[in-house]
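Undergrad: Generate coordinates for the sequence data below:
(chains A and B)
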2 protein chains.
Amino acid sequence: MADYQAPLREMRFVLNEVFDAPALWASLPKVSENVDPETADAILEEAGKITSGVLAPINREGDEQGCHWNEGEVTTPDGFREAYQTLVEGGWNGLGGNPEFGGMGMPKTLVAQFEEMMQGANMSFGLAPMLTAGACVALNAHGSPELKEKYLPKLYSGEWSGAMDLTEPHAGTDLGIIRTKADPQDDGSYRITGTKIFITWGEHDMAENIVHLVLAKLPDAPKGPKGISMFLVPKFLVNEDGSLGERNQFGCGSLEKKMGIKASATCVMNYDGATGWLVGEPNKGLAAMFTMMNYERLGVGIQGLGAAEASLQSARAYANERTQSRAPKGAQQPDQAADPILVHPDVRRMLLTMKSFVEGGRAFSTYVAGWLDRAKYSDDDQQRQYADGMVALLTPVAKAFLTDRGLDTTILGQQVFGGHGFVREWGQEQLVRDCRITQIYEGTNGIQAMDLMGRKVVGSEGKLFELFAEDVTDFIEQNSSDATLRPYLEPLAAAVERLADVTELVLKQAGDNPEAIGAAAVDYLDMFGYTALAFMWAKMAKAAAGNAEGDTSGFYTGKLKTARFYFDRLLPRTVALGEGIRSGADAMMAPTVEEI
Amino acid sequence: MADYQAPLREMRFVLNEVFDAPALWASLPKVSENVDPETADAILEEAGKITSGVLAPINREGDEQGCHWNEGEVTTPDGFREAYQTLVEGGWNGLGGNPEFGGMGMPKTLVAQFEEMMQGANMSFGLAPMLTAGACVALNAHGSPELKEKYLPKLYSGEWSGAMDLTEPHAGTDLGIIRTKADPQDDGSYRITGTKIFITWGEHDMAENIVHLVLAKLPDAPKGPKGISMFLVPKFLVNEDGSLGERNQFGCGSLEKKMGIKASATCVMNYDGATGWLVGEPNKGLAAMFTMMNYERLGVGIQGLGAAEASLQSARAYANERTQSRAPKGAQQPDQAADPILVHPDVRRMLLTMKSFVEGGRAFSTYVAGWLDRAKYSDDDQQRQYADGMVALLTPVAKAFLTDRGLDTTILGQQVFGGHGFVREWGQEQLVRDCRITQIYEGTNGIQAMDLMGRKVVGSEGKLFELFAEDVTDFIEQNSSDATLRPYLEPLAAAVERLADVTELVLKQAGDNPEAIGAAAVDYLDMFGYTALAFMWAKMAKAAAGNAEGDTSGFYTGKLKTARFYFDRLLPRTVALGEGIRSGADAMMAPTVEEI
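TA: Purely as a prediction, here's the structure:
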């Protein structure tokens, strides 16, 4: 298979030419004090070297070896410890972290590119820095000053890693019914008792210490989601001077055998009176967890994107090399026995669909990251409020749509390889298996759709949707005089209108029938995602149009042609989705248990 | 996970109530001499016992163990030899075989049900009888009387198994460029030399002998697909008295490591001057292979269907047992901490989508099998000709659409399980991995679409499509006075009209531009498949409607409600597909190599 190469040219296009990220950074004082365009570009370049040169080469063999459990100790595949150390030395774990505690304070728009490279190069490995970064976000937002001083610098440096302990055997989506208990002690600490499952990188041999953020219930906690608290529970207790003390009372009981991300450790964690400290307010653990979750959810979307990019790179290379049959209009390489399969319309359909999703997806993840940056760093109240709304609205779309299309893309990439795609040595099938989990964890994509349709769209009575629609229509209006953009703007306008109609319809349905939300949710998120990608392709077409004339590299003209493919072939899916939603909840709810 | 149970009730519904298979069988003398409704039902019952009781229990562990290669010998997972022996004792390998040589002569409509059970219970295992049956079809149609007498009885009994050797490292889809050679010998045999890859069950320890049908080129063969011949090459040469003689000069060089169907052996076969015999005419091997392929292609479609049924059974059981969160309209089990997840609209969406594809798919595979039976056994020339046309048209749809929706279904089934779906022990992820190959082998689904759009639809100038459209419109007309069927017939009529419009359009496009066929192909096959399933659901609704009143089992009313779900939620996809096709080939063909 083609070696993974960080798509730096594509990232620079999105950052500099589509979104003008340098201008955004300059407008946010807390960002501009840490980064300028040259620094950002140097970070991109270095990130490309490390991910392509260090993480990608151990991806395939890591999948074959997996992690191994022995008496509670977990051994990682060959090369993982060394690769982790390389990331620690480069300070990559703290790229987006709070500078007050040793983080580098880089904006999400930039960090998102690093994340994509890391996840595209090696998703199993990438989960470790990702979980650590997520734990840091929660700790930074909700931890006491003491906890932050004690833990954040080591987490940002990567000497210690982070883990999030939510799920229990009987409680996944429904965290309100967790049973893990936290008993308060006289010294202000808590004794944590219970079992957590599906804990990613809950135990391993890459870092000196592992800091778990554990959801548990206090003795007097109210029932349900309002009775959950968050605790910090380190593998090794930490002495006053910051050195490591005794082993805490919990451990890894076993590892799950999984379909993919096999080189990552998915742990059962048994807490047996472990010592922990409260993070944030009692009974407000779920809110604290969501601070992290919103951040992680974009990160999971980016995992889907990373896998899709890796698959596209391999499939494109293979389609250029593999010869089989002749082009429909006659031999293109008459001196060879057959033509490269890229001549066949259906192979082009597959590659262009992949390219549409990958490049559109990258623009979308960067667009969402831009709103995260404004929400976090803007000192303009109105802008921050607008950005908060956009983040709330777009996060579930980014998580679910990028991972759903990520799976589609990796499956297409595998299909381009024919039988060779099913054989392990080529690596395409691993990308499918790895990508599959991204639709499931951090809230299944069905849950993301409920969050979008229920909490965000219906919950705001459509106001959050209006923010997005406004951004699209502003763009259309600003560019309405540009004739070259008309082929993209007209179908985009129609798509956003279709989405607005359906939004209004579901708002109405939901007033009479609470089941209407769940019945519409997944199709609505899909429709939203395809519309958002149409917006991204229109923005990319605008950025490319000015440079297309005389472009001999094919980069800019390729953008315009892919945009056209997207509008011709993929955007029409919104029509079918809209029709399905219109039919309402009855067909779904009418069958009895026996009838399903 | 729920144990696989052969869906006998569903199969009886399709056979007896939807298609009245007993009447079809009675109308075909060569069928009715071998089977009556009672025999057929006894075979179904027994097939259910063997597949559920013998094949399903070794499926999960077979995936974990895989096959092992040692010095050319291949060892199968625990229990596979014994299970194979059970099938041999029951004569299951020859169920559809020619009675003249020991086959049971059962019609495909019945055999298809057995195939679905076998593939649903254990796809890796099921490939062995499937390949054997395919080899028998080719041998029975094209072999000399001597070859047939010598080999068919042992293949039908299953004492010997069959394998098909087509692919070479550089030649998969494009068999015209194979390099394996066949040198004629004075005794009428041939010396076969070359390397074949991806040979399913090419070597194993379950049968005494393995009979390979190998594609190779004679010394004076014309270039390309018209220079391919087929040879029978047994692992052990067979003496005059039928006993096994010396080991032939070929062997298994290695096994592929694969994403799924891990319990099956996928072999590299090295032919080193092996002794073989010509099957059929020189240079007509591809046509002989297609006799088998058409048969196998429905069989592969049925593999997708079998995996989908297995996934549905598990997901439905899980959705009834797993409790998580509350129903949108309030608690359904207030005494429990949460409700079964089946209360949630989105879980219902997933299960009803699965059910739509599985039950619609079963009806469709049986419908196609009915045309195969008429094509093979009818003594009415006109009926046989019509049936031949339907088989040619529908075979690629059955292969590709049933496997594409098969994958969709297994992915949904995995999603119902949430994180548990990603963990190996539950079995849902294995179904996804196993099902994935069905979209790739026996001609990728892209190749099926080219066959449908190019050779069948455009190749017949639309005449084959007319046969199908006629069957649908006849049904609509015959039932137009039945008001209860109107909700199904009206959208069905619209769908078939949309498909006819697009067919006409592509016929026109293809006249000017040969690339139009490939550009439309996959979307067209999809659109065809969704329309065909609408036809099936309308037929099932008709069969169910008469029994729905007073039905307390939910079986018949469930059919009507699922039909409604299909028409409301899934059939609209044809609108989007049609729009995409309408945009033509330009968006696909315009990009240069650099622009993709």
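Undergrad: can we go C-alpha only for contacts and neighbour counts from here?
TA: Fine.
Undergrad: got the residue ranges for the strands in the stretch 201-350 of chain A?
TA: For the stretch 201-350 of chain A, the strands defined by DSSP state E, counting those that start in this stretch cover A:209-216, A:229-234, A:236-238, A:244-247, A:250-255, A:266-279.
Undergrad: nearest to residue B:76, of those?
TA: Nearest of these to residue B:76, taken as CA to CA: strand A:250-255 at 27.4 Å.
Undergrad: how many degrees apart are the closest one and strand A:266-279 in direction?
TA: Interaxial angle, strand A:250-255 versus strand A:266-279 (axes from the mean of the first three to the mean of the last three CA atoms, to 10 degrees): 160 degrees.
Undergrad: so what does the strand or helix carrying residue A:523 touch, helix or strand wise?
TA: Following DSSP states H and E, one finds residue A:523 within helix A:515-548. On a contact count with 3 or more CA pairs under 8 Å, 6 or more residues apart in numbering or on different chains; DSSP states H and E, helix A:515-548 meets helix A:345-377, helix A:381-416, helix A:445-450, helix A:486-512, helix A:555-565, helix A:573-582, helix B:345-377.
Undergrad: Distance check, the nearest residue to residue A:399 once chain neighbours are set aside against chain B.
TA: Nearest residue to residue A:399, sequence neighbours excluded (CA to CA, 6 or more residues apart in numbering or on different chains): residue A:301, at 4.1 Å. In this view, residue A:301 and chain B are 17 Å apart by CA to the nearest CA, to the nearest Å.
Undergrad: ok, residue A:301 to residue A:538 distance?
TA: 21 Å (CA to CA, to the nearest Å).
Undergrad: go on, residue A:79?
TA: 42 Å.
Undergrad: Now do the contacts for the residue in the stretch 101-250 of chain A that chain B sits nearest to.
TA: The minimum distance from the stretch 101-250 of chain A to chain B, using CA to the nearest CA, falls at residue A:174 (5.4 Å). Residues near residue A:174 by CA atoms under 8 Å, 6 or more residues apart in numbering or on different chains: B:324-325.
Undergrad: And the closest residue to residue A:504 other than its chain neighbours, how far from residue B:357?
TA: Once flanking residues are discounted, residue A:504 sits nearest to residue A:462: 7.6 Å by CA to CA, 6+ apart. Using CA to CA, residue A:462 is found at 34 Å from residue B:357.
Undergrad: how many other residues sit next to the residue nearest to residue A:504?
TA: 17 (other CA atoms under 10 Å in any protein chain shown).
Undergrad: Tabulate the strands of the stretch 201-350 of chain A in a markdown table, adding columns for mean pLDDT and distance to residue B:435.
TA: Listed next are the strands of the stretch 201-350 of chain A as a markdown table, based on pLDDT from 0 to 100; distance: least, CA to CA, whole Å:
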| stretch | mean pLDDT | distance to residue B:435 |
| --- | --- | --- |
| strand A:209-216 | 98 | 38 |
| strand A:229-234 | 98 | 41 |
| strand A:236-238 | 98 | 45 |
| strand A:244-247 | 98 | 46 |
| strand A:250-255 | 98 | 26 |
| strand A:266-279 | 98 | 25 |
